[in-house]
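**Student:** my questions are about this predicted structure, shown below with the sequence.
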Amino acid sequence: MIGLGPMPPGGVPAGQTVAARGPRLTERHVLTLGLAMAAAFVAGAAFLAGWLAIQGGGGQWAIIHLALAGGATVAIGAFMPHFAVTLAGTNPSPAAQRIAVLTALALAGAGVVAGVSLRLPPLSAAAGALVIAGLAGVTLHTFAPMRQPLARRHPVVGAAYGVALAELALGVMFGTLAAMGNQAVLGAWAQLRPAHAWLTLFGAMSLTIAATLVYLAPTVLGARVRASWALGLMVAGIGIGPILAAAGFAFDARFLVVVGMAGTVLGGAGQVGYLIETFVRRGPFTSEHDWRRVAAGHLLAGAGWFAVASAIALDELLAGRDLTGWSVGLLALPLVAGWVMQELVGSWTHLVPSVTPGDADLHARQRRVLAVGSWSRLVAWNSGLLAAWAGAALEIATLATAGGIVLLAAVATSVVLMGRALTIGRY
């Protein structure tokens, strides 16, 4: 999700111009499109959440899947191949192919939400198939350049990305078959629904973020990547734990679910430890502190929400919660708004001025736009989320509503500022 190493974003060697490569579209344009699509889905989720709150609630499934099946999946499609190629020091796949994959993922994400919300099984089936086809394209564009003879090897990140894509494809398959009305899947849906959640949200999405933070967090904070026990615990726990938990749910094996959840909790703790250790070693930046604060603040806070949500899921299970019919429930708030969406906003805050087209002056203007209200946005996002979550859990409607309004305002502001940063100097 970030340009590193001797090759600039897009894989153009030093001294060679974009024009010399031939195609007009470059990797920078692909990443800009991916950012815009992801932000559009986040905006759609925020708008739907606000509208449904006015109408009296409901629609949580659509909100979650707009953010995840839409925004997060498109972001994975845009930046997983870019990050892998940048680490490997090779050239990316042709921009036209990359854009085709992003378009497929965006259409599929919208189709998934529309198909289930409108109860149109054929649309759900087509959208699910398109998601899997898009993920196949992401896999090709991620791993083909990494297998080139002169590519630099990063086996841990490569393995994590491979596992995440497999988890996501399997989780999508379960969800698609259920939406289509497949009797075998529906008959076991009480076990497969939690398996679906642990494969996609706790598994694929979280592992992708964790693997990316291995390099993204030190880059944002101006520190070197350093191996540590926390880093190993993060990758192993988030990489293996959700798979074990999903298998335990699918086969009704409580002990396996407990082991998987415990591994995920350890992974979340390792991630927090890795980010704190990296923060302690942060570079002595002398300028643009507000812009850096937004990016680093969201990345650090998001990891905290994931650790808390994972621990609560384990605690509930140890307290006797049934496996059958397990659902994310109120944990959707910290996992989606606190974890995935915050990591997405923190990432795009750093990436927009780093990987999109434009000269140094334009990128400086983008940083100023993205830095607006740095402290107030971070405080509003996380305090609003805490109030909304506590209010919902304690059934205090006033607190939940007030927190939700503050959270939605923070999300909407971040989306608007990102849209402005992408269009500055162009419109």
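**Tutor:** Nice, I can see it. Numbering: from 1, shown residues only.
**Student:** make it CA atoms for all contacts and neighbour counts henceforth
**Tutor:** Fine.
**Student:** ok, residues contacting stretch 183-192?
**Tutor:** Contacts to stretch 183-192, defined as C-alpha atoms under 8 Å, 6 or more residues apart in numbering, come from residues 174, 177-178, 249-252, 323-326.
**Student:** got the buried residues for it?
**Tutor:** Under the neighbour-count criterion of 16 or more other C-alpha atoms under 10 Å, stretch 183-192 has 185-186, 189-192 buried.
**Student:** who wins for neighbours among the contacts of stretch 183-192?
**Tutor:** Using other C-alpha atoms under 10 Å as the neighbour criterion, residue 249 leads those with 27 neighbours.
**Student:** now for residue 224, how many residues are close by?
**Tutor:** So residue 224, with other C-alpha under 10 Å, has 14 neighbours.
**Student:** dump the residue contacts of the closest residue to residue 229 other than its chain neighbours.
**Tutor:** Among residues not flanking residue 229 along the chain, residue 270 sits closest, at 7.7 Å (C-alpha to C-alpha, 6 or more residues apart in numbering). Under the criterion of C-alpha under 8 Å, 6+ apart, the neighbours of residue 270 are 229-234.
**Student:** hang on, residue 43 packs against residue 413?
**Tutor:** No. At 9.8 Å, residue 43 does not count as touching residue 413 under the criterion of C-alpha atoms under 8 Å.
**Student:** which one's more surrounded, those two?
**Tutor:** In terms of neighbours (other C-alpha under 10 Å), residue 43 is the more surrounded of residue 43 and residue 413; the figures are 22 against 17.
**Student:** secondary structure element for the more buried one, which one?
**Tutor:** If you go by DSSP states H and E, residue 43 is part of helix 27-55.
**Student:** packing partners for the helix or strand that that helix is followed by?
**Tutor:** As assigned by DSSP H and E, the chain's next helix or strand after helix 27-55 is helix 60-65. In terms of contacts (3 or more C-alpha pairs under 8 Å, 6 or more residues apart in numbering; DSSP states H and E), helix 60-65 is packed against helix 27-55, helix 95-117.
**Student:** which residues are in contact with helix 60-65?
**Tutor:** Contacts to helix 60-65, defined as C-alpha under 8 Å, 6+ apart, come from residues 45-46, 48-49, 109, 113, 117, 332, 336.
**Student:** and the closest residue to residue 269 other than its chain neighbours, what is it in contact with?
**Tutor:** Nearest non-adjacent residue to residue 269, counting by C-alpha to C-alpha, 6+ apart: residue 307, 6.0 Å away. Residue 307 is in contact with 265, 268-269, 272, counting by C-alpha under 8 Å, 6+ apart.
**Student:** how far does the helix or strand hosting residue 307 sit from its chain's centre?
**Tutor:** Using DSSP H and E, the element containing residue 307 is helix 289-318. From the chain centre to the centre of helix 289-318 is a distance of 13 Å (C-alpha atoms, centre = their mean, to the nearest Å).
**Student:** now the element after that helix, going C-ward?
**Tutor:** Assignment by DSSP H and E places the next element after helix 289-318 at helix 332.
**Student:** how far out from the middle of the chain is that next one?
**Tutor:** Distance of helix 332 from its chain centroid, counting by C-alpha atoms, centre = their mean, is 14 Å.
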